[in-house]
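**Q** Sequence plus predicted model, see below.
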Amino acid sequence: MNTAKRIFTLLVALVIAFTSAPLFGVEAEALHYVESMYTINFLAGSGIGGSETAGPYAIETSVRLPSAVACGFTKNNATFEGWEIGGHYYDYGDTYSFDKDDAIVRDDQYVIYATAIWSDSTSSGTSSSSSKYITGTYKAGDGEGRDVRVKYSEKATQEGYYIVEFPNCTFTYKDHKFAGWKVSGAGDTLYEAGDKVAVNDDFTATAQWKKSTTGVTVRDPNAPSESESESSSSQGTAGVTSKPASSAPASSKPASSAPASSKPASSKPASSNSSSSASESESSSESSSSVPEVPEVPDEPEVFDPISLAYNISGDVPVTGIEFLLKEDIGENPQLRVIALDSNSATDAATAEFIASGDALAAFELSLLADGLAYHGSSLGTVTYTLNGTQADAESRFDSYVLAMVHVSNIGDYEGEYYMTDGENTYLYTPETDFRSAVSNVTLKEKDGVNRLIIKDASGLYNFAYQATANVIVEVNLLNAASAASASIDVTGLSPVLLVQLEVGDGSSSSGFAIPFWVWIVVGVVVLLVVVLVVLYLINRKNEERRYEEMRRRSAHSSSSSITGFDDD
């Protein structure tokens, strides 16, 4: 009896320990590791040398950034300028402190990417005026937000000058509105988003604010900014011309999270000092200005030859190669950056749900570098995944499905109609007219705040979009066949691009929730242990019954012997 109890207790302890390990053991240890450590992955950018990894470091540890030479990076006829991390810029020798916004999670720890920045060298040395671009540093002033640096590469007709188009303000200041950009050395002149001037050197622009009664103001990056200030100063300006550049749109794109506005150039001039004698005529006074006047940039149509950017993929995924056909000029030396995603590193709920449910056969975060700098503007083009055929035999939780390329983007970056739901019915929504029409060929089912698409009738569907969350749109391009050799989708900006399975039917084949594989293992082990316990219990009970019967027989035999005085023999 005691032996059976000990066996039962041991098995119960094993069940508790085994089922608790995924919850309190391995996952808890990994979570602690994620929250406490990070590595820095140094990339050569447009240089030569691949990548170098430093760390891991504790997240409270600051790291002194090395030189490119220390990482083994080089670039012919170029000078190393510093590192770009998360859209912000650091010089060699600067101290970097961990910021979660700069990181992604990979292999159960934070990873920071630092990309080398290079500028062209000349025999007489290196300066911003001899480089192929100049840099504008935008500061929040009294507002909130980290400094943003923007690269400008489009040259004005005047030698040594570059066209600068001031971006929208993405900084915030409680109870205030953005009033304009104030450029260091340009007096009190304020520039609105979209104003264009010709500049011959690096500059710093600080956000100016005015009191607001509407509380915290968060700027829409695509909306024009407001300014209450008119140009009023005639003080000298270092590097800003006496006239703004032409209203012809600039071809260069800012490498920052604040895209250049499409608003026409302001007619407000940059202030400048004119030095002339009393005897000189007005025309000669203008020609002797301390800053040379820049002729207007001619309004010529832009011609851009698409560039094909390729990336090879290895590993146990159906995708063997990624190609991005870039159809828009983003600056010099464009490069494609590819990062494999999992449910932990996905930055939006829709992508995370595709991966966690097992519907994503391949998931990659795609982004661009322009001349070694992270590029965050629009990037019109076509993404193509080369497939190896294994997608046709992939397991699925659906009775019937179709394969599709999907592009996950912010709803503010998408133009066009899309499917949406009010929780009960599914509609095709047209934002331009705010018109909704009920549909029956697709349906959206919500789970944990994410809408899942179910295709009831695939006829007539090829490419379309649906609203996955309040802020996320999923663009869809269905594959012609499960055995297709490639899959493509047109995009206006890079972000997660996935190869996924989409359910076809009425939604009854799947609850929309996939139980993780380790759960099935645990359930199987528990069931096996329960069966063993039941068998042991039955065996123990049978033995107890035999012992009881033997004791009863002996007791009866003893009573009989005491009466007759003889035993049975």
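**A** Alright, I've got the coordinates.
**Q** show me where the stretch 251-400 of the chain has helices.
**A** 282-287, 349-356 (DSSP state H, counting those that start in this stretch).
**Q** can you tell me which of those the model trusts least?
**A** Ranked by mean pLDDT, the helices of the stretch 251-400 of the chain bottom out at helix 282-287, which scores a mean of 38.
**Q** helices and strands around the helix ranked longest in the chain, which ones?
**A** Using DSSP state H, we find that the single longest helix of the chain is helix 517-564. For helix 517-564, the packing partners by 3 or more C-beta pairs under 8 Å, 6 or more residues apart in numbering; DSSP states H and E come out as helix 2-20. Quick note: C-beta positions are derived from backbone N, CA and C, even for glycine.
**Q** per-residue confidence at the residue positioned nearest the centre of the chain?
**A** Nearest residue to the geometric centre of the chain (C-alpha atoms, centre = their mean): T347, 5.5 Å. pLDDT, T347: 85.
**Q** so how far is D359 from it?
**A** Using C-beta to C-beta, to the nearest Å, T347 is found at 18 Å from D359.
**Q** do V111 as well
**A** The spacing between V111 and D359, counted by C-beta to C-beta, is 25 Å.
**Q** wait, is E446 part of a strand?
**A** Yes. Secondary structure of E446 (DSSP: H, G, I helix; E, B strand; the rest coil): part of a strand.
**Q** So it is in contact with E424, correct?
**A** No. The pair E446 and E424 does not pass the contact test of C-beta atoms under 8 Å, sitting 10.3 Å apart.
**Q** what about those two, which has more around it?
**A** Per other C-beta atoms under 10 Å, whichever of E446 and E424 has more neighbours is E446, with 13 against 5.
**Q** what sits against that one?
**A** T421, G423, R452 (C-beta atoms under 8 Å, 6 or more residues apart in numbering).
**Q** Same list, those residues, but as a markdown table with distance to A465, secondary structure and pLDDT please.
**A** Output for the contacts of E446, formatted as a markdown table (distance: C-beta to C-beta, whole Å; DSSP: H, G, I helix; E, B strand; the rest coil; pLDDT from 0 to 100):
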| residue | distance to A465 | secondary structure | pLDDT |
| --- | --- | --- | --- |
| T421 | 13 | strand | 93 |
| G423 | 19 | coil | 86 |
| R452 | 15 | strand | 93 |
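**Q** ok, and the helix or strand in the chain with the lowest average confidence?
**A** Every helix and strand of the chain was ranked by mean pLDDT, DSSP states H and E. The lowest is helix 282-287, at a mean of 38.
**Q** Please save the CA atoms from the helix or strand A114 falls within in PDB.
**A** Using DSSP states H and E, A114 maps to strand 109-120. What follows is strand 109-120, C-alpha atoms only, in PDB (Å, rounded to 0.1, in the frame of the first residue of the first chain):
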ATOM      1  CA  GLN A 109      17.400  38.900 -26.700                       C
ATOM      2  CA  TYR A 110      17.300  42.500 -27.900                       C
ATOM      3  CA  VAL A 111      19.300  43.300 -31.000                       C
ATOM      4  CA  ILE A 112      20.400  46.900 -32.000                       C
ATOM      5  CA  TYR A 113      21.500  47.600 -35.600                       C
ATOM      6  CA  ALA A 114      24.200  50.300 -36.100                       C
ATOM      7  CA  THR A 115      24.800  51.200 -39.700                       C
ATOM      8  CA  ALA A 116      28.100  52.900 -40.800                       C
ATOM      9  CA  ILE A 117      27.700  56.300 -42.500                       C
ATOM     10  CA  TRP A 118      30.200  57.400 -45.200                       C
ATOM     11  CA  SER A 119      30.900  60.600 -47.000                       C
ATOM     12  CA  ASP A 120      33.100  61.200 -50.100                       C
END
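**Q** oh, and call the first residue 31 from now on, that's how I've got it
**A** Happy to do that; since the first residue is 31 now, the last one works out to strand 139-150.
**Q** Might you list the low-confidence residue ranges for the stretch 431-580 of the chain?
**A** For the stretch 431-580 of the chain, residues meeting the criterion pLDDT under 70 lie at 538-547.
**Q** where along it do the strands fall?
**A** 431-440, 448-451, 456-460, 465-468, 472-477, 480-485, 493-497, 502-508, 516-521, 526-534 (DSSP state E, counting those that start in this stretch).
**Q** Direction included, what does the longest one pair up with?
**A** Listed by DSSP bridges, the sheet partners of strand 431-440 and their directions read strand 502-508 (antiparallel), strand 526-534 (antiparallel).
**Q** Would you point to the one among those that's packed deepest?
**A** Highest mean neighbour count of these: strand 526-534, a mean of 24 (counted as mean count of other C-beta atoms under 10 Å).
**Q** And that strand, how far out from the chain middle?
**A** Offset of strand 526-534 from its chain centre (C-alpha atoms, centre = their mean, to the nearest Å): 18 Å.
**Q** which residues are in contact with stretch 506-522?
**A** So stretch 506-522 is in contact with 408-417, 419, 421-422, 432-437, 439, 443-445, 483, 488, 491-496, 505, 527, 529, 532, going by C-beta under 8 Å, 6+ apart.
**Q** List buried residues within these.
**A** By neighbour count, with 16 or more other C-beta atoms under 10 Å, the contacts of stretch 506-522 hold 408-411, 413-417, 421, 432-437, 439, 444, 483, 494-496, 505, 527, 529, 532 as buried.
**Q** how many neighbours does K185 have?
**A** If you count neighbours by other C-beta under 10 Å, K185 ends up with 17.
**Q** I'd say it and V194 touch.
**A** No. In this structure, K185 is not within contact of V194 by C-beta under 8 Å, at 11.4 Å.
**Q** OK, contacts around L391?
**A** Contacts of L391 (C-beta under 8 Å, 6+ apart): V347, P348, Q421, A424, L433, L528, L529, V530, Q531.
**Q** Flag the shaky bits of the stretch 131-280 of the chain, pLDDT-wise.
**A** Applying pLDDT under 70 to the stretch 131-280 of the chain picks out residues 137, 150-163, 187, 243-280.
**Q** and if we set it to 90?
**A** Residues of the stretch 131-280 of the chain that meet the criterion pLDDT under 90 lie in 131-209, 214-220, 222-234, 240-280.
**Q** residue ranges of the strands in it, please?
**A** 133-136, 139-150, 164-169, 178-182, 192-195, 206-213, 220-221, 226-229, 233-241.
**Q** Partner strands of the fourth one, with direction?
**A** Yep, that's strand 178-182 we're talking about. strand 164-169 (antiparallel).
**Q** how far out from the middle of the chain is the partner strand?
**A** Between the centre of strand 164-169 and the centre of its chain there are 23 Å (C-alpha atoms, centre = their mean).
**Q** what does it contact?
**A** 158, 177-182, 192, 194, 197, 211, 229-237, 286, 288.
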